[in-house]
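Trainee: Sequence and predicted structure below; questions after.
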Amino acid sequence: MKKNKSKRWIAVAIALLLFVASTIVSNRGEKQAEKKSEELKNQYFNQFNPFSATANKKTLEKGDSKNKIAVLSYEGAIGDGQVYDDFMDQLDDVYNDDSVKGVIMQVNSPGGAVYNSEQIANKIKKIQKDKKIPVFTVMKTMAASGGYYISAPTDKIYASNETLTGSIGVIMSSTSFQGLFEKYGIKQQNITTGKMKDAGSAGKDMTDEQKKYFQDLINSSFDRFVKIVSQGRSMKEDEVRKLADGRVYDGAQAKNNGLVDKIGDLDLAIEDMKKDFKLNNPEVYQYDNDMASFSRFFSKAENLLNKNSSSDLSIIKELMEKDSPLPMYYYGK
């Protein structure tokens, strides 16, 4: 009798284990199916959404649709926002399109946030490494600091004689209102867990120790900037550092010091890519950002409508609410 009971309990245990295992497998299958469904939904939504950054493509040259050159443009400061998001979506679109055999990136930017610049550069390197296709840069009016950072990993860089580029370096800006606070009898009182927790606070001047702390941070970012230029341009780091005092160069100077390969425009870059990589009769297309720009207009208009009139104290309040000091690959601050 005991044997029968024990066998029964073993059978029940096995049945429970099988039920739990099947439930886990079923849930995993449902989650995978849901994930796949979501991916397909996003893919088709972006494809047919007229405001999507990847939906509207303008043909620059007709040719073999299985043999394409994609032209992307980054216009403006590099940082969180619609321009950055759209550009990253376009890079993803290129990465996922096996018919793309080459990429030309047009850059018109004074640079911007360290993080966003690195993310763009990493995605460019991923396209080069995984897809084994060339990526060229055509610089327009300006491709400085972060604008140069995202250009450095590309296989060939073009600029006009009057392009402003370079500005290899890092800046971190902060504002001290200590004198102004004293005038109005205002004191900023921070309770912190460490002496560096409120470093850079607007209500007081930095100490020498705090300045050194921030200097070490931007030196670390600077070392990464030098490294990406050194690797991308096949230059020794010492050679890059000689050029990297923050100054900009015009296109002619940049070519002479090795930061640019050729003086030329988009048309020359397309012809060189065809010839250098034996791309026979490729279709050349450009992402058309007109619809995306149209959608951005509404958010800008809303910001203007919501802007309050400014007094001295409201200006102080607005400045104090700005982001904490951040390292920036930026020219012109």
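Mentor: Received it, and whenever you're ready, just let me know what you need. Residues are numbered from 1 along each chain as shown.
Trainee: Can you pull out the residues in contact with the helix or strand harbouring Ile157?
Mentor: In the assignment (DSSP states H and E), Ile157 maps to strand 156-159. Identification of contacts with strand 156-159 by Cβ atoms under 8 Å, 6 or more residues apart in numbering yields 134, 136-139, 143, 151, 165, 251, 254-255, 259-266, 268-269, 272. Every C-beta, even on glycine, is put in place using the N, C-alpha and C of the backbone.
Trainee: Just the buried ones from the residues you listed, in ChimeraX syntax?
Mentor: Buried residues among these (16 or more other Cβ atoms under 10 Å), as a ChimeraX selection:
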select :134,136,137,138,139,143,151,165,251,254,255,259,260,261,262,263,264,266,269,272
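Trainee: quick one: stretch 145-163 to chain centroid distance?
Mentor: Its chain's C-alpha centre and that of stretch 145-163 lie 15 Å apart, by Cα atoms, centre = their mean, to the nearest Å.
Trainee: hey, where'd the strands end up in the stretch 151-300 of the chain?
Mentor: 156-159, 164-166, 248-250, 262-263, 282-287 (DSSP state E, counting those that start in this stretch).
Trainee: quick one, which of those strands is nearest to Phe181?
Mentor: Phe181 lies closest to strand 248-250 among the strands of the stretch 151-300 of the chain, at 35.9 Å (Cβ to Cβ).
Trainee: Output the contacting helices and strands for the helix or strand in which Asp89 is found.
Mentor: Asp89 belongs to helix 82-95 when assigned by DSSP H and E. Contacts defined by 3 or more Cβ pairs under 8 Å, 6 or more residues apart in numbering; DSSP states H and E place helix 82-95 against strand 64-75, helix 114-131, helix 290-305.
Trainee: by how many degrees do that helix and strand 282-287 diverge?
Mentor: Angle, helix 82-95 to strand 282-287, by axes from the mean of the first three to the mean of the last three Cα atoms, to 10 degrees: 160 degrees.
Trainee: List the first helix or strand encountered after helix 82-95 toward the C-terminus.
Mentor: Going down the chain from helix 82-95, the next helix or strand is strand 100-109, by DSSP H and E.
Trainee: Show me what counts as buried in stretch 91-108.
Mentor: Within stretch 91-108, judged by 16+ other Cβ under 10 Å, the buried ones are 91, 93-95, 100-108.
Trainee: Could I get the full set of helices for the stretch 201-333 of the chain?
Mentor: When assigned using DSSP state H, counting those that start in this stretch, the helices of the stretch 201-333 of the chain occupy the ranges 208-233, 237-243, 251-256, 266-276, 290-305, 312-320.
Trainee: Who are the packing partners of the longest one?
Mentor: Contacts defined by 3+ Cβ pairs under 8 Å, 6+ apart place helix 208-233 against helix 114-131, helix 146-149, helix 237-243.
Trainee: So what touches the last one?
Mentor: In this case it means helix 237-243. Contacts of helix 237-243 (Cβ under 8 Å, 6+ apart): 166, 168, 226-227, 229-230, 233, 249, 257-259.
Trainee: Of those, which pair is most distant in space?
Mentor: Within the contacts of helix 237-243, two members stand farthest from each other by Cβ to Cβ: Lys227 and Tyr249, at 19.8 Å.
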